[in-house]
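S.K.: Following is a predicted model, sequence given first.
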Amino acid sequence: MTRLRWKTQEQEEKLVKTQPNQEKKIEQAAGCPSEKPKFSKQGLVIFCDPKHPIYFIESFLRFVKPYFRVSVSTHVHSTMVNFPNELADFGLHYSNMNANVDISLTLIWKTIGIDPIMILPGMHKIVGVVNIARHLNRLVEQIDTNVLKYEGNGPLYTNKIDFYLDKIHHALHDTFSSKSQIICKKSRYAVGEDISIIDLILESIDRYKIEKKN
């Protein structure tokens, strides 16, 4: 049984406008400075073209699931025709009927081109895989800088991550065959001794290529 729901333009706009406030606030209990900060719950909406699936989202959610309660719901916009069957189960492992989650992601499949679009409060947009990856990484760092290091690990490390994200962006906008050598890893991880958002994106690209060959 498929979980996909079809959305009209009016329903889509209502969904975006009713997303919860996602200001980047970190609340800390008064009088308990050593207590772990409380994560500001996130309700995220991403529009994505089924011809260019944002596969890294599944890698990202799998990685952060031990630290955050996550939920994914997927919808197909009413303008879509011939929706691919292989995407019907996208995010299925992260569907969660419990409303008490930290990160709630609504993915709407719609013909928009290669760059997915994330809608933020105030109708602000984040466009492109790597920019969405940056935003998600920053959200994780709000609560724990050691889960998925990025800006909290110093400017030198941040510059390395941004450099590789730019390389991935250019590769994703090139021909499919050119993606095999986006980044040549010299060790287990692309940047330093810790896994980063770069590794999660590369993992999803490698998996996609394997699936395309089968």
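M.R.: Yes, it's here. Numbering: from 1, shown residues only.

S.K.: Could you pull out the buried residues of stretch 145-159?
M.R.: Neighbour-count burial for stretch 145-159 flags 147-150, 152-153, 157 (criterion: 16 or more other Cβ atoms under 10 Å). Where C-beta positions appear, they are placed from N, C-alpha and C, glycine not excepted.

S.K.: Then stretch 163-173?
M.R.: 164-165, 168-169, 171-172.

S.K.: Can you pick out the most distant pair from these?
M.R.: The most widely separated members of the buried residues of stretch 163-173, counting by Cβ to Cβ, are 164 and 172 (12.5 Å).

S.K.: Show the low-confidence segments of this protein, by residue range.
M.R.: Residue ranges of the chain with pLDDT under 70: 1-40, 96-99, 123, 175-182, 184-186, 209-214.

S.K.: try 80
M.R.: 1-42, 91-99, 121-123, 174-187, 207-214 (pLDDT under 80).

S.K.: For it, which segments count as strands?
M.R.: Under the criterion DSSP state E, strands of the chain are mapped to 5-7, 42-48, 70-77, 103-109, 117-120, 124-127.

S.K.: most centrally placed residue in this protein?
M.R.: The centroid of the chain falls nearest to residue 57 when counting by Cα atoms, centre = their mean (4.1 Å).

S.K.: Distance check, that residue against residue 136.
M.R.: As judged by Cβ to Cβ, to the nearest Å, residue 57 and residue 136 stand 8 Å apart.

S.K.: Report how many residues lie close to the residue nearest to residue 203 when sequence neighbours are not counted.
M.R.: In space, and not counting its chain neighbours, residue 203 is closest to residue 59: 5.1 Å by Cβ to Cβ, 6 or more residues apart in numbering. For residue 59, the count of nearby residues is 18 (other Cβ atoms under 10 Å).

S.K.: hang on, residue 59 packs against residue 198?
M.R.: No. If you go by Cβ atoms under 8 Å, residue 59 and residue 198 don't touch, sitting 11.2 Å apart.

S.K.: still on that earlier bit, inside helices: which ones of the buried residues of stretch 163-173?
M.R.: 164-165, 168-169, 171-172 (DSSP state H).

S.K.: What is the neighbour count of the residue nearest to residue 56 when sequence neighbours are not counted?
M.R.: In this structure, residue 56 finds its nearest non-sequential neighbour in residue 204, 4.0 Å apart by Cβ to Cβ, 6+ apart. For residue 204, the neighbour count with other Cβ under 10 Å is 19.

S.K.: I figured residue 204 hits residue 61, correct?
M.R.: No. Using Cβ under 8 Å, residue 204 is not in contact with residue 61, being 11.1 Å away.

S.K.: any idea how far residue 91 lies from residue 66?
M.R.: Applying Cβ to Cβ, the value for residue 91 to residue 66 is 17 Å.

S.K.: Give me the more crowded residue out of the two.
M.R.: residue 91 (19 against 7).

S.K.: Pull the contacting residues for the more buried one.
M.R.: Residues in contact with residue 91, defined by Cβ atoms under 8 Å, 6 or more residues apart in numbering, are 57-58, 61, 72-74, 105, 107.

S.K.: I appreciate the help and will end here.
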